[in-house]
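In: the following block contains a protein sequence and its predicted model.
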Amino acid sequence: MPQLLRTLRFWIGLAIGLAGGLLYGWVLHPAAAPTAAPAALRQDYRTDYVLMVAEAYQAEADIDLAAQRLAQLGPATPAAIVDEAVAYANRQGFAASDMELLSRLARDLNAAPAPATASP
């Protein structure tokens with residue numbers, strides 16, 4: 001009987017500890033979700049992001065929207081960001097279809113007129 005009581009106390013204590021830990025970790029003091037801006041991405045992920053923008057551009061054909069998406073990667077011009085991604089993709093041996101998408105986006109960005117700025 002004492003062995004059974006000790007085992008029961010162990011399992012009850014374990015269940016209370018587990019429930020308390022989950023309550024504290026999930027409800028009372030949850031961990032903050034990490035956030036990272038696209039501008040903080042490594043070059044390989046930046047290139048993948050640019051490739052995704054190029055794929056979206058192929059489907060949508062909206063150069064202004066593509067430029068807005070690329071502007072999230074930093075202060076450089078969208079055309080410079082795409083040129084950098086094309087150079088990296090070329091060095092890494094991306095597929096020819098991916099290179100064509102990136103090249104089309106770069107060509108269209110370079111051909112697009114610069115957005116008008118408002119004068120004071």
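Out: Here it is on my side, so go on. For clarity, every value in this text was computed on a predicted model and none was experimentally measured.
In: now the residue nearest to Arg46 when sequence neighbours are not counted, what's its secondary structure?
Out: Nearest non-adjacent residue to Arg46, counting by Cβ to Cβ, 6 or more residues apart in numbering: Leu73, 6.0 Å away. The way it works is simple: take the backbone N, C-alpha and C, and place the C-beta from them, glycine included. Secondary structure state of Leu73, per DSSP: H, G, I helix; E, B strand; the rest coil, is coil.
In: for Leu73, what are phi and psi?
Out: Note on Leu73: backbone dihedrals following degrees, to the nearest 10 are phi -90, psi 0.
In: wait, isn't it in contact with Glu84?
Out: No - counting by Cβ atoms under 8 Å, Leu73 stays clear of Glu84, with 9.2 Å between them.
In: which residues do those two both contact?
Out: Arg46 (Cβ atoms under 8 Å, 6 or more residues apart in numbering).
In: looking at the two, which is more packed in?
Out: Leu73 (22 against 17; other Cβ atoms under 10 Å).
In: from Asp108, how far out is the more buried one?
Out: Distance of Leu73 to Asp108, given as Cβ to Cβ, to the nearest Å: 17 Å.
In: and the helix ranked longest in the chain, what does it pack against?
Out: When the chain is parsed with DSSP state H, its longest helix is helix 2-23. Helices and strands touching helix 2-23, by 3 or more Cβ pairs under 8 Å, 6 or more residues apart in numbering; DSSP states H and E: there are none.
In: any idea of the mean pLDDT for that helix?
Out: Averaging pLDDT along helix 2-23 yields 93.
In: check stretch 72-82 too.
Out: 91.
In: just the residues contacting that stretch, thanks.
Out: So stretch 72-82 is contacted by 37-39, 41, 46, 49-50, 54, 66-67, 70-71, 84, 102, 105-106, 109-110 (Cβ under 8 Å, 6+ apart).
In: any buried residues in it, and which?
Out: For stretch 72-82, burial by neighbour count (16 or more other Cβ atoms under 10 Å) applies to Leu73, Pro78, Ala79, Ile81, Val82.
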